[in-house]
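K.L.:
for reference, the sequence and a predicted model appear below.
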Amino acid sequence: MEMKRKGMKNRVLFQQEFEIQGGDFVNAGESSCKIRNTLREIGINSDIIRRIAIAAYEAEMNVVMYAQHGTMKINVYQDNILLIIDDKGPGIENIELAMKPGFSTATEEMREMGFGAGMGLPNIKKNSDVFQITSKVGQGTSLEIKILLNGKNG
Amino acid sequence: MAEQTYFHSIKVDKAKCIGCVTCMKVCPTKAIRVREQKAHINYERCIDCGECLRACPHSAIIPLTTLLSDLNRFKFKIALPSPVLYTQFGQQSMPSEILTVLKEIGFDHVYDEALVCEMMSVATEEYLDENRSPRPIISSICPVVVRLVQRLFPSLCGNILPLEPPREIAAKNLRSETAKQEELKAEEIGIIHITPCSAKMVSINHPESMAKSHLDGAISIREIYNKVMMKLKQEAGLLMMQTQTRISGVGIGWAFEGGEIRGLKYSNTVSVSGLLDTIRILEDVESGRLRNIEYLECLVCPDGCIGGPLTVENRFVAKSNVLRLLRHFGGKRRVNTELVQKLYKENFFSFAWAVEPKSFPPLDADRGVAIEKLKMKEELVGKLPGTDCGVCGAPDCQTLAEDIVRGEAKPEDCIYISRNESQGEKKWRKAR
């Protein structure tokens, strides 16, 4: 599902993959935390790290809340960072509706835990430069979140 | 590892240090290494939290605060005690008595910082009302929190409340007033904070939001404790008659966690104390989890400033003492709100400049090289035992791996590796 890339500029410089367990609220957020530390070590600008951290956290929480299992992959390229989140979950029936701020299918329990404000996907989109979502009902959902690195410090 | 003690508040006493790794293990920024049986602090990474000072079993970590004997260089000395001081001398001593005693141990004038805390509540509300984003706004009271954000959460620098803390505001006001009243030059006046922690010393010697602090030093509660205690005992009863200082109940509440948010009109505020919990909540803020919170009060000492490493009374008794004082003085604001709003508009409370990120350096300045080093580091981590024993002189295996790729340590520093090597197992090193 990954976007096709050509030439040296699009070579993956660094890749990390994390498993996300559905329903595991205890360890939720760990993958996004690790991603943040990794990006710091390779000198990515703190504002970009914040955008990635927010997008990664929201995406991770969606997997934890709705799916049985998922993976989060981070690819670092010369001029951008790509986050790919694939899950085995219920899928999204109406993506357009799901992207609407405030729309949520979260259960009462989840809302009590402070989740399910319906801002997850809109927030991911807000923090990414390119955002793609594909979903099949009964199979799962895939997100591709691209954040551009501008210049040397990006 | 150049030691630049001039703007740090903690020093290793090399004569007392036996290289036991206790301090290295508790350091939240992994700033300590043990080399040749002595602890070394990397001051680039140190945030002056004082965890090492608390943990050291050999009293080999020394706080570098102002001494009473340093005061002689000033013609006129003003004590500006943290409200924590009022909680240190048992149930019988009232703040006004403690302030009076300070005048008998070498100060010419005293001022209740708690009064300014009330002003800060009003100023903070003004700021929150005027600036609707970002959220949450993070308190700038604790100098360690400011430094923690700069180094570990640089993207949150814009969330720090850009108003100076009460101790600075009080000192700013006191200097101009006193110079007028006593007909003194500004530099003849010494304004000294009485502090529960050494971190204030750093914010005085090396402020992050202005060129020069309004304070001239910080004396630890420990330094003056015996003298104050003695006078309180000798003059019990007499003191009450002499003093009529105005004391603020709201401000006294700032001595422990939640003081700041209790004084605010908002209900969606959060307070956190303790270093690990502060780090955890800042991680949540960085993930965008707490956007619905208006104000976040973080204090890195357990239970807030009453848990400071340079206090004497244990923090549970201190807390009981604060609660008693709160009941006595009441929690009502008595400050002139309109005056504070006017001062706020004149930027009287504002930072001179915004707090800048000070991220730790990446593994390499060149991103390509940094990525190579990161891969090397991950490979190394897989080969290290993962026991985090600290014998190599780094706090854990991850950090040793990082030191190795930065060229600051060798794989053989790990005893597991050097032992295996001596048995002829040099395979993995050759593979590198």
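P.N.:
Yep, that arrived.

K.L.:
and the helices in the stretch 151-300 of chain B?
P.N.:
Shown for the stretch 151-300 of chain B, the helices assigned by DSSP state H, counting those that start in this stretch span residues B:166-182, B:199-205, B:221-234, B:238-242, B:249-252, B:259-262, B:275-286.

K.L.:
quick one: closest of those helices to chain A.
P.N.:
Comparing those against chain A with CB to the nearest CB, the closest turns out to be helix B:275-286 (5.5 Å). C-betas here are computed from N, CA, C, even on glycine.

K.L.:
in that closest one, what counts as buried?
P.N.:
When neighbours are counted by 16 or more other CB atoms under 10 Å in any protein chain shown, the buried residues of helix B:275-286 are found to be B:275, B:278, B:279, B:281, B:282, B:283, B:284, B:285, B:286.

K.L.:
do I have it right that the first one meets residue B:300?
P.N.:
Which is residue B:275. Yes. The pair residue B:275 and residue B:300 passes the contact test of CB atoms under 8 Å, sitting 4.6 Å apart.

K.L.:
name the residues contacting each of these two.
P.N.:
Both residue B:275 and residue B:300 are in contact with B:49, B:144, where contact means CB atoms under 8 Å, 6 or more residues apart in numbering or on different chains.

K.L.:
quick one: is stretch A:115-126 near chain B?
P.N.:
Yes. Figure legend: stretch A:115-126 in contact with chain B (CB under 8 Å from any CB of the partner chain); contacting residues residue A:123.

K.L.:
hey, where'd the strands end up in the chain?
P.N.:
In the absence of a named chain, chain A is used. According to DSSP state E, chain A carries its strands in the segments A:14-21, A:69-76, A:80-88, A:130-136, A:140-148.

K.L.:
oops, I was thinking of chain B
P.N.:
With DSSP E applied, chain B shows strands at B:10-12, B:32-35, B:38-41, B:61-63, B:76-81, B:109-110, B:137-138, B:189-195, B:217-220, B:269-273, B:295-299, listed in chain order.

K.L.:
with mean pLDDT and mean neighbour count added, can I get these in a markdown table?
P.N.:
Compiled in a markdown table, those are given as follows (pLDDT from 0 to 100; neighbours: other CB atoms under 10 Å in any protein chain shown):
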| stretch | mean pLDDT | mean neighbour count |
| --- | --- | --- |
| strand B:10-12 | 94 | 20 |
| strand B:32-35 | 96 | 21 |
| strand B:38-41 | 96 | 22 |
| strand B:61-63 | 95 | 20 |
| strand B:76-81 | 97 | 23 |
| strand B:109-110 | 94 | 20 |
| strand B:137-138 | 98 | 26 |
| strand B:189-195 | 97 | 26 |
| strand B:217-220 | 96 | 25 |
| strand B:269-273 | 97 | 20 |
| strand B:295-299 | 97 | 27 |
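
K.L.:
out of those strands, which gets nearest to chain A?
P.N.:
Within those, the stretch nearest chain A is strand B:269-273; the backing value is 12.0 Å (CB to the nearest CB).

K.L.:
list the helices and strands the closest one packs on?
P.N.:
helix B:259-262, helix B:275-286, strand B:295-299 (3 or more CB pairs under 8 Å, 6 or more residues apart in numbering or on different chains; DSSP states H and E).

K.L.:
any stretches of the chain with poor pLDDT?
P.N.:
Looking at chain A here, since you left the chain open. Flagging of chain A using pLDDT under 70 yields the residue ranges A:1-9, A:113-114, A:151-154.

K.L.:
nope, chain B
P.N.:
Within chain B, the ranges that satisfy pLDDT under 70 run B:1-6, B:237-246, B:421-432.

K.L.:
burial of the residue nearest to residue B:207 when sequence neighbours are not counted, as a residue count?
P.N.:
In this structure, residue B:207 finds its nearest non-sequential neighbour in residue B:213, 5.0 Å apart by CB to CB, 6 or more residues apart in numbering or on different chains. One way to gauge burial is a neighbour count; for residue B:213, by other CB atoms under 10 Å in any protein chain shown, it gives 24.

K.L.:
okay, now the residue in chain B positioned nearest to chain A: neighbour count?
P.N.:
For chain B, the residue positioned closest to chain A under CB to the nearest CB is residue B:362, at a distance of 3.1 Å. Burial of residue B:362, expressed as a neighbour count using other CB under 10 Å, amounts to 19.

K.L.:
what sits against it?
P.N.:
The contact partners of residue B:362, taken as CB under 8 Å, 6+ apart, are A:40, A:41, A:42, A:43, B:370.

K.L.:
I'd guessed the first one sits against residue A:48; true?
P.N.:
Put plainly, it is residue A:40. No. Using CB under 8 Å, residue A:40 is not in contact with residue A:48, being 10.8 Å away.

K.L.:
who's in contact with residue B:413?
P.N.:
By CB under 8 Å, 6+ apart, the contact set of residue B:413 is B:392, B:393, B:394, B:400.

K.L.:
which of these fall within helices?
P.N.:
Among the contacts of residue B:413, the members falling in helices are residue B:400 (criterion: DSSP state H).

K.L.:
mind putting the contacts of residue B:413 into TSV with distance to residue A:126 and neighbour count?
P.N.:
TSV is the format used below for these (distance: CB to CB, whole Å; neighbours: other CB atoms under 10 Å in any protein chain shown):
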residue	distance to residue A:126	neighbour count
B:392	44	26
B:393	45	23
B:394	40	26
B:400	39	27
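
K.L.:
kindly indicate which of the contacts of residue B:413 lies nearest residue B:51.
P.N.:
When the contacts of residue B:413 are compared for distance to residue B:51 (CB to CB), residue B:394 wins out at 16.9 Å.

K.L.:
residue contacts, that closest one?
P.N.:
B:24, B:30, B:33, B:400, B:403, B:409, B:413.

K.L.:
in a markdown table, list these along with distance to residue A:148.
P.N.:
Listed next are those as a markdown table, based on distance: CB to CB, whole Å:
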| residue | distance to residue A:148 |
| --- | --- |
| B:24 | 40 |
| B:30 | 32 |
| B:33 | 38 |
| B:400 | 35 |
| B:403 | 33 |
| B:409 | 36 |
| B:413 | 40 |
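
K.L.:
hmm, which two among the residues you listed are most spread apart?
P.N.:
With CB to CB as the measure, no two of the contacts of residue B:394 lie farther apart than B:30 and B:413, at 15.3 Å.

K.L.:
write out the residues of chain A neighbouring chain B.
P.N.:
Selection of chain A residues close to chain B by CB under 8 Å from any CB yields A:13-14, A:29, A:32-33, A:36, A:38, A:40-43, A:46-47, A:49-50, A:53-54, A:57-58, A:76, A:114, A:123.

K.L.:
ok so, going back, and residue B:109, which of the strands of chain A is closest to it?
P.N.:
Taking CB to CB as the criterion, residue B:109 comes closest to strand A:140-148 out of the strands of chain A, the separation being 55.7 Å.

K.L.:
the closest one vs strand A:130-136, what angle?
P.N.:
Using axes from the mean of the first three to the mean of the last three CA atoms, to 10 degrees, one finds that strand A:140-148 and strand A:130-136 are set 170 degrees apart in direction.

K.L.:
can I get strand A:140-148 in PDB, CA atoms only?
P.N.:
Extracted as PDB, the C-alpha positions of strand A:140-148 are listed here (Å, rounded to 0.1, in the frame of the first residue of the first chain):
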ATOM      1  CA  GLY A 140      -9.200  -3.100   8.600                       C
ATOM      2  CA  THR A 141      -7.900   0.400   8.100                       C
ATOM      3  CA  SER A 142      -4.700   1.900   6.700                       C
ATOM      4  CA  LEU A 143      -3.300   5.300   7.300                       C
ATOM      5  CA  GLU A 144      -0.400   7.000   5.600                       C
ATOM      6  CA  ILE A 145       0.800  10.200   7.200                       C
ATOM      7  CA  LYS A 146       3.500  12.100   5.500                       C
ATOM      8  CA  ILE A 147       5.300  15.100   7.100                       C
ATOM      9  CA  LEU A 148       7.700  17.100   5.000                       C
END
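
K.L.:
can you tell me the closest non-neighbouring residue to residue B:418?
P.N.:
For residue B:418, ignoring the flanking residues on the chain, the nearest one in space by CB to CB, 6+ apart is residue B:412 at 4.6 Å.
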